[in-house]
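J.: Build the 3D model from these lines:
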Amino acid sequence: MSDLSGKFSRSWRLFVSSIQVIGRQPKLLLFPAMAFASTIVVILCFLSPIVLLPTGHAWGQLEHWKAVAHRLFELTPSVGSTRHAIPTATADIYLVVLYLASMFCATFFNVASYHEIIKALAGDEVSIGKGLRFANSRLRAILIWSMFAGVVGLNIMALEKRLGWVGRWIMRFVGMAWSVASVFVIPVIVREECANPFALLRTSASALKRTWGESLIGYVGIAIGSWIMLLGSLAFIIGAGLIFALLHHPVLVLMTAVLWILALVAFGYLLSVASNIFKGALFVYASEGAVPAPYSAELLDAAWKVRKG
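T.: Here you go, the predicted model:
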């Protein structure tokens with residue numbers, strides 16, 4: 001029990017070190033926002049042709065939206081009094097292409113982000129432009145991996161829908177195994193000029209194998225820390241809400257709730273970036289044996305049992 005407690009304690013210290021990296025290089029916070037914005041643009045670009053289809057009705061009329069809905073969905077034959085709407089072939093094609101395009105955007109900005117994370121861990125200055133230019137230099141690998149990972153993800157989701165509950169549990173396990181094995185693919189793309197998705201996956205799994213137990217403990221430790229903060233903030237918001245309600249200040253209750261939600265969103269965003277930095281530091285140490293700043297050799301040696309050779 002004490003050994004497990006020590007591992008979680010080290011994991012929390014690793015999280016704090018990741019936050020220190022963000023404090024030194026706040027530009028790292030911009031990459032997820034850019035990825036989100038680009039995904040929104042992609043979604044709008046794909047949805048605009050569907051939404052603006054000529055239907056014979058004005059864009060603001062309800063009949064226009066009904067006609068658009070009929071092109072995207074069709075009703076199944078009535079079974080008793082129940083009918084279900086299922087996507088048409090057009091909708092399926094759009095969703096698949098949209099999914100793959102979104103996957104490409106996410107991978108592109110992740111490669112740019114991890115390139116700058118690894119630079120920050122080496123003590124270099126972070127540059128948004130250099131990160132994006134580097135991702136552009138890895139465009140072939142990004143495209144191939146995005147398509148490969150997207151097809152795998154689509155197949156897993158399709159099989160989950162078609163199989164029974166036993167099959168669904170099996171496919172969920174397969175999906176989890178896939179996520180774990182591919183956890184270091186983006187850092188591998190940054191470090192190696194390789195576009196073969198199978199080679200990328202093999203290298204990622206190999207790096208994970210060297211730090212298997214401790215990497216999972218690290219992520220669990222960060223997750224537990226975030227839940228502790230969430231529960232603490234929930235207790236605070238409930239207490240503050242009750243006090244303001246008893247004082248008959250409904251506006252203050254609403255403002256407190258809004259501020260709490262915004263704080264949760266900001267913390268979740270920060271936690272996501274910190275987790276990526278943790279992953280980058282883990283990959284650097286696992287693959288190279290180098291001690292990335294601001295982590296100490298003592299902390300890394302205690303937390304990660306890296307096999308040499």
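J.: Gly56: what's it in contact with?
T.: Ala67 (C-beta atoms under 8 Å, 6 or more residues apart in numbering). Every residue, glycine included, has its C-beta placed from N, CA and C.
J.: which SS state does it fall under?
T.: For Gly56, the assignment made with DSSP: H, G, I helix; E, B strand; the rest coil gives coil.
J.: Distance check, the residue nearest the centre of the chain against Asn110.
T.: The centroid of the chain falls nearest to Ser272 when counting by C-alpha atoms, centre = their mean (7.4 Å). Applying C-beta to C-beta, to the nearest Å, the value for Ser272 to Asn110 is 11 Å.
J.: and what of Phe46?
T.: 21 Å.
J.: Over to Ile186?
T.: For Ile186, the distance to Asn110 - C-beta to C-beta - is 5 Å.
J.: Show me which of those two is the more surrounded one.
T.: Using other C-beta atoms under 10 Å, the more surrounded residue of Ile186 and Asn110 is Ile186, with 26 against 22.
J.: The more buried one looks like it's in a strand, true?
T.: No. Secondary structure assignment (three-state DSSP) places Ile186 in helix, not in a strand.
J.: Report the contact partners of it.
T.: 107, 110-111, 114.
J.: Let me know the closest of those residues to Ala141.
T.: Val111 (8.1 Å; C-beta to C-beta).
J.: Could you list the buried residues of the host helix or strand of the closest one?
T.: Using DSSP states H and E, Val111 falls within helix 89-121. Within helix 89-121, the residues that count as buried by 16 or more other C-beta atoms under 10 Å are 91, 94, 98, 100-121.
J.: low-scoring stretches of the protein, by residue?
T.: Along the chain, the parts satisfying pLDDT under 70 run over 1-11, 75-85, 165-167, 209-249, 253, 296-309.
J.: So which residues of it form strands?
T.: Along the chain, counting by DSSP state E, strands occupy 73-75, 85-87.
J.: The residue nearest to the centre of the chain and Asn136, how far apart?
T.: Taking C-beta to C-beta, one finds Ser272 at 23 Å from Asn136.
J.: next one: Leu201
T.: 23 Å.
J.: higher neighbour count, these two?
T.: With neighbours defined as other C-beta under 10 Å, Leu201 and Asn136 compare such that Leu201 has more, 20 against 12.
J.: Could you report the neighbour count for Gly23?
T.: Counted with other C-beta under 10 Å, Gly23 comes out at 9.
J.: what do you get for Lys66?
T.: Lys66 - counted by other C-beta under 10 Å - has 11 other residues nearby.
J.: List the residues that contact Ile117.
T.: 21, 28, 276-277, 280.
J.: rerun at 10 Å
T.: Taking C-beta atoms under 10 Å, 6 or more residues apart in numbering, we find Ile117 in contact with 18, 21-22, 25, 28, 31, 110, 126, 131, 186-187, 190, 273, 276-281, 283-284, 292.
J.: Give me the neighbour count for Ala181.
T.: Counted with other C-beta under 10 Å, the neighbours of Ala181 add up to 16.
J.: which residues touch it?
T.: 201-202, 204-206, 208-209.
J.: Which of those are buried? Put it as a PyMOL command.
T.: To isolate the buried members of the contacts of Ala181 in PyMOL, using 16+ other C-beta under 10 Å:
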select buried, resi 201+204+205+208
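J.: just the contacts of Ala181 now: which is nearest Leu154?
T.: Distances from Leu154 to the contacts of Ala181, taken by C-beta to C-beta, are shortest for Leu201, at 16.8 Å.
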